[in-house]
Every structure is written in structure tokens, then in C-alpha cells.
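>>> Fold the following for me, if possible:
(chains A, B, C and D)
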There are 2 protein chains.
Amino acid sequence: MREDRLSLKLQALADPTRRAMLARLRLGEATVNELAQPFEMSLPAISKHIKVLQQAGLITRSRHAQQRPCQLSPEGLQEVDEWMKAYRDVWVDRLSRLDAYLQSVKE
Amino acid sequence: MREDRLSLKLQALADPTRRAMLARLRLGEATVNELAQPFEMSLPAISKHIKVLQQAGLITRSRHAQQRPCQLSPEGLQEVDEWMKAYRDVWVDRLSRLDAYLQSVKE
DNA sequence: CCTATATTTAACTAATAAGTTAATTAATGG
DNA sequence: CCATTAATTAACTTATTAGTTAAATATAGG
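Numbering: from 1, shown residues only, chains lettered A, B, ... in the order given. As a prediction, this is how the structure comes out:
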């Protein structure tokens, strides 16, 4: 039902655990165990979250011994940002109009 | 499980039907029937999508006779945008580094 | 080869999401 | 008041999601 890439990304982002993982990855790459550390959650659950992020194109993975570290995919959020652009204009526009209105009332 | 406002918004956005509705609303407010028109979907289904958008704070509603038109909530996406900010820096940073690297290789 | 560590896969459960049809509520206008 | 139009609620089905535990796979090192 929801197979387009943008939906996949937004769906992946709509989970606080996964967003926390991304926040961690902003500091640099991390292994599964490192990512799991702050959460009271089984490793398989973590593994699944990682898979969701990866399939959404938000992270990439590498190999190092028996570890498979994760890293932020730099261009991963671009698609989301592109989508937001159009709306950013709308709301900036409206907020500034509201602002103008409030100014005019005040005077 | 997923009750925070940001998750609610991203979850609401992670559906192409709902995003299409928002796109329509960029042109101006619309009634439920107007929003439903492009979709092969029952009205109750549309009604539910609208509720999701509203509860996420992405749209507001008014009343006019027996209609309850929807309008974009201008500040609705701001929270998402705020969240993205931090990542925008990361990826812009990395992409520009990549760019610089490619430049240096070329020379 | 054996063991320890890192991670994933399998199999399952419970909750949530997205849709349906039928029935209900709300407001207008004759 | 009655019929019409607009939208929602109720009740239900099906698929997906997020988690669990137990078992399996992969790699390194002695």
C-alpha cells in the first residue's frame, strides 16, 4: 500500500527510537550494540529498526570484523527536505501575513 | 507507543493520500467532498485521513453550513522542519566535503 | 577446530492502521 | 416537518508494525 520512497522515509522517521538512532549517528558511525545501548529493548528489535532505516535510505552500513556499523546516509533526508520546500513557502507566507495583520491591528 | 507530537506528524505525512490532500490544501481550503474527489476511496476513509491530519496539527477545520472545510495549518510543519535542521547541516556538510574531495581529485 | 562476540533470522503475539458498508447526525431549504 | 446534502460514527476485516524469545550465522582468535 505504501511503497513510494518518500512514504518509506517518513514512516521510518515516525518512530522515536529510530529518530534517536539517527541522532546518535550524527556523532559518527556506530555498531548495532552501540545503537542499542540507550534502549531497553532486545537486540532483534534494534536490528529491525536498523533495517527499516536502511531500507528507507536513511543509513548505510559497512563491515568490520563481525560488526556491521551504521552511518548516516548524507543524502538520505534530502528527499524529505525537497518535499517540505513547497510547504515552507506556504507557511512562511501565511505567518508573515498574520504578523502583518497583527502589526496593523496594533497601530 | 507513539504519542509524541513529532511522531504523530511524521506518521500522518507517511501516507501518499494524506500528502495529496495537503497538496490540494495549498491551493486553499476545501470541503471533505472536494478533498475526496481525486480518490477512489469511500468517504469514511477520507474522513479518517482528515482526522489523522487534524490530530497531527497539520490542518484546521471550520464550519460553513453543513460543510466542515479543511485548511492547512500554517505552523503545522514547523516542528518537522525544526527537527530536520540539525540533519540538514550534517548532510550539507558531508556533501560539500564530498564535493571538495571530488574537486581535489579532478585537479 | 572451538569458543566467544556480534548480529540476524524464525516464529510468534498484540496492537495499530487502513480500508469497507451500513447507520447516524447535522444543517438547509421547500 | 421532510427530503437532501455533507460528513461522521459504528462495527467489522485484513494487513502491517513493533515487540518478544530461541535458534542460527558470521568472524576472530587461541
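>>> per-residue confidence at residue A:106?
For residue A:106, the pLDDT comes out at 69.
>>> same deal with residue A:95?
Predicted confidence (pLDDT) for residue A:95: 66.
>>> Now the one residue sitting closest to the centre of chain A. Nearest residue, chain neighbours left out?
Centroid-nearest residue in chain A, with CA atoms, centre = their mean: residue A:13, separated by 4.4 Å. Closest residue to residue A:13 apart from its sequence neighbours, by CB to CB, 6 or more residues apart in numbering or on different chains: residue B:10 at 4.7 Å. Where C-beta positions appear, they are placed from N, C-alpha and C, glycine not excepted.
>>> Would you state the helices of chain A in chain order?
Under the criterion DSSP state H, helices of chain A are mapped to A:5-13, A:16-25, A:32-36, A:43-55, A:78-106.
>>> what packs against the last one?
Secondary-structure packing of helix A:78-106 (3 or more CB pairs under 8 Å, 6 or more residues apart in numbering or on different chains; DSSP states H and E): helix A:5-13, helix B:16-26, strand B:70-72, helix B:78-106.
>>> Out of those, flag the one nearest DNA strand D.
Proximity to DNA strand D (CB to the nearest atom of the strand) singles out helix A:5-13 among the helices and strands packed on helix A:78-106, at 5.8 Å.
>>> Touching that closest one from outside, list them.
With contacts defined as CB atoms under 8 Å, 6 or more residues apart in numbering or on different chains, helix A:5-13 is touched by A:2, A:18-19, A:22, A:52-53, A:55-58, A:76-77, A:79-80, A:83, B:10-11, B:13-16, B:19.
>>> if I pick residue A:4, what's in contact with it?
When the contact criterion is CB under 8 Å, 6+ apart, the partners of residue A:4 are residue B:16.
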